[in-house]
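J.: Here you go, sequence then predicted model.
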Amino acid sequence: MADELPRPEPKPIDEKLSLELKHLAEDAVLRGRPNGEERCDNCLYYLNPDAKISYCWHPKLRVLVGDQWWCQWWEEIPKD
């Protein structure tokens, strides 16, 4: 018989991070759908444009986002 894992309980760091993300979400306009042609996978700050979920490295966000999401800090990728 496999050892049973203990029931997960939030740690103080989880509560701290949750509160920080809540404040970020309140300050940001982050949507789970594109804004016209603007979406995370064609934004300068989307780390891996080929992935369905990737890291947004915008200094005010820095979270995992979906490729079809959009936020107020969307920025076009330079053509160069």
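T.: Perfect, I can see it now.

J.: my read is residue 26 is in a helix, agree?
T.: Yes. Following the definition DSSP: H, G, I helix; E, B strand; the rest coil, residue 26 is counted among the residues of a helix.

J.: Compute the distance between it and residue 59, please.
T.: Plainly put, residue 26 is 17 Å away from residue 59 if you go by C-beta to C-beta, to the nearest Å. Placement of C-beta: from N, CA and C, glycine included.

J.: same check, this time on residue 38
T.: The gap separating residue 38 from residue 59 is 19 Å, by C-beta to C-beta.

J.: between the two, who's got more neighbours?
T.: When neighbours are counted by other C-beta atoms under 10 Å, residue 38 comes out ahead of the other of residue 38 and residue 59, with 13 against 7.

J.: got a list of what the more buried one touches?
T.: Contact criterion C-beta atoms under 8 Å, 6 or more residues apart in numbering gives 70, 74 as the residues in contact with residue 38.

J.: the bottom helix or strand of the protein by mean pLDDT?
T.: Taking all helices and strands of the chain together, the one with the lowest average confidence (mean pLDDT, DSSP states H and E) is helix 12-27, at a mean of 85.

J.: ranges for the strands of the chain?
T.: Read by DSSP state E, the chain holds these strands, from start to end of the chain: 30-31, 53-55, 64-66, 70-71.

J.: between the ones you listed, which gets nearest to residue 18?
T.: Proximity of the strands of the chain to residue 18 was assessed by C-beta to C-beta; the nearest stretch is strand 64-66, lying at 14.8 Å.
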